[in-house]
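Enquirer: okay, predicted coordinates and the sequence, questions at the end:
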Amino acid sequence: MAKSIMLQGTGSSVGKSVLVTALCRIFKNDGHHVAPFKSQNMALNSFITREGLEMGRAQVVQAEACKLEPSVAMNPILIKPSSDTTAQVIINGRVYKNLDAKGYHGYKRTALPFVRAAYASLAEKYEVIVLEGAGSPAEINLRENDIVNMGMAEISDSPVVLVGDIDKGGVFAALVGTLYLLDEKEKARVKGVLINKFRGDLELLKPGLKMLEDIIKIPVLGVIPYFDIHIEDEDSVTERFKGENINGSVHIDIVKLPYMSNFTDFDSLKLFKETHVRYVEHAHEIVDPDMLIIPGTKNTIHDMLFLKKRKIDQRIQSLAKSNCLIIGICGGYQMLGKWIQDPSGIEGSTAEIDGLGFFDMQTAIETHKTTTQVQTKVECNHGLLAACHGIELKGYEIHMGKSQGNLENISFLKSGQRIIGVCDRNIMGTYLHGLFDTKEFTLHLLNRIRKNKGLTSTTRTQSYQEFKDTEYERLAALVRGHIDMQKIYAILESASDFS
């Protein structure tokens, strides 16, 4: 069976996911056969495996750091919020049902065998497993039936390293308070703490570290500095919604929908120095973009209502009459049609809503969920995408809607016989996630815009995948340089020593 180590946090967004990613690449570089694991992930960013199974993107990133193909065994439970009170629960890559918080809490005991089986399948195959907790292990009201923090540490018999975020302030209190709320058996599993996102003079912090160790009787294993390394984010608690490359010549606005999903679709756009990418939430923020993107969403009808309420729909209609390129991805693609229906009430109480009306297309939200990887080619001999004809695109579909209409003459992407991408003049929509990850396709769009603005063409030699791998190496080097890896390896060898 594999050796294991688990990172838990004093709260959400303290950096657990990225530090697990770092350890995965470090162990891999040190010659170990390593895999990530998170029993339960709550996020709207998901991925479709080769088998057509859905899992959280955080574990996909961690699998990439291990140089592995992602597997749902790395994330057997995915929870995707679809309203303020309910979420879609996905077990082993397939939709189980929608549950509210109380319903899911009661379901955990039923889900436990799936978690055990998934972890066991990895532990039999790999040498080292790096586990990630969720939120905080000190949520004392959720301790019963826990399957993601200390409950999972017990199932996997893992030692725990506790991570705190100093950038938020109060990191000493957060670490001490978290340990105080653990019972003695749980506390015995915690073999060290890490302080993340440090800015400033480490010499000024060192006396505090010594005092902290005196209080908690557990070593500080490292202080990781605040860094700007491009690692895909797990959820919307991210700083990446701030504008980037503010001097870029191609201005791209992305509508920040309330239930926006898979915003990692747009990370590759930010890698071009020519782009100024920013997220907008109000009509008045959308001034004169060269490209406007309506992203995917877990609740298309709710977010279409959001566009109407804030009059963003009117601003989009106005932009459509200019040279602005408007692109809808997945749920954003559905919004580009004439209307969206939800006869079964899957997304809420609104049964039908008008779309933006750019395409002669109707979408019906269905109980069946399409989850499939896609490898296809652009088929378009005219208009905006004529120069892209024959370019191979790879990505995946995740949607519960079926879109139909008079689309054949404007289609540019198909999956088998299904139309999954259309383009008419300056309006484009597709079900394909990962559209912009193919540099040749994205370069064409950017250079088309630059040409219209009287600018020269731009080039890029590195693929998005190559860029990501470079960033994993940068992350591993930085973290290795600021933590005591000798102690980490000692902790890894300390399984079952929790006295």
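Expert: Great, that's in hand.

Enquirer: and Trp339, what's its pLDDT?
Expert: Looking at Trp339, its pLDDT is 96.

Enquirer: could I get the contacting residues of it?
Expert: By C-beta atoms under 8 Å, 6 or more residues apart in numbering, the contact set of Trp339 is Glu352, Ile353, Asp354, Gly355, Gln362, Thr363. Where C-beta positions appear, they are placed from N, C-alpha and C, glycine not excepted.

Enquirer: same question, Gln373
Expert: Ile48, Thr49, Arg50, Gly52, Lys394, Gly395, Tyr396.

Enquirer: and for Thr86?
Expert: Shown in contact with Thr86 (C-beta under 8 Å, 6+ apart): Asn98, Leu99, Asp100.

Enquirer: report the buried residues of the biggest helix by length in the chain.
Expert: Ranked by residue count under DSSP state H, the longest helix found in the chain is helix 101-123. Neighbour counts over helix 101-123 (16 or more other C-beta atoms under 10 Å) mark Tyr104, Tyr107, Lys108, Ala111, Leu112, Phe114, Val115, Arg116, Ala118, Tyr119, Leu122, Ala123 as buried.

Enquirer: check stretch 312-327 too.
Expert: Ile312, Asp313, Arg315, Ile316, Leu319, Ala320, Cys324, Leu325, Ile326, Ile327.

Enquirer: out of those, list just those in helices.
Expert: Ile312, Asp313, Arg315, Ile316, Leu319, Ala320.

Enquirer: contacting residues for the first one?
Expert: With contacts taken as C-beta under 8 Å, 6+ apart, Ile312 has the following neighbours: Val255, His282, Ala283, Ile286, Phe306.

Enquirer: end to end on stretch 162-170, go ahead and measure it.
Expert: Stretch 162-170 stretches 15 Å from its first residue to its last (C-alpha to C-alpha, to the nearest Å).

Enquirer: what is the nearest of the ones in helices among the buried residues of stretch 312-327 to Glu144?
Expert: Relative to Glu144, the closest of these is Ile312; by C-beta to C-beta it sits at 43.3 Å.

Enquirer: give me the three-state assignment for Gln486.
Expert: helix (DSSP: H, G, I helix; E, B strand; the rest coil).

Enquirer: and it, how far is that from Leu122?
Expert: Applying C-beta to C-beta, to the nearest Å, the value for Gln486 to Leu122 is 25 Å.

Enquirer: before we move on, back to that, columns pLDDT on top of the buried residues of helix 101-123, output as TSV?
Expert: Formatted as TSV, these follow (pLDDT from 0 to 100):
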residue	pLDDT
Tyr104	90
Tyr107	89
Lys108	89
Ala111	92
Leu112	94
Phe114	96
Val115	97
Arg116	97
Ala118	98
Tyr119	98
Leu122	98
Ala123	97
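
Enquirer: ok, so of those, who is nearest Asn406?
Expert: For the buried residues of helix 101-123, the nearest to Asn406 is Tyr104 (41.6 Å; C-beta to C-beta).

Enquirer: just give the nearest non-adjacent residue to the closest one, would you?
Expert: Val89 (6.2 Å; C-beta to C-beta, 6 or more residues apart in numbering).

Enquirer: can you show me the helices along the stretch 251-400 of the chain?
Expert: Ranges of helices in the stretch 251-400 of the chain, per DSSP state H, counting those that start in this stretch, are 300-309, 312-320, 331-335.
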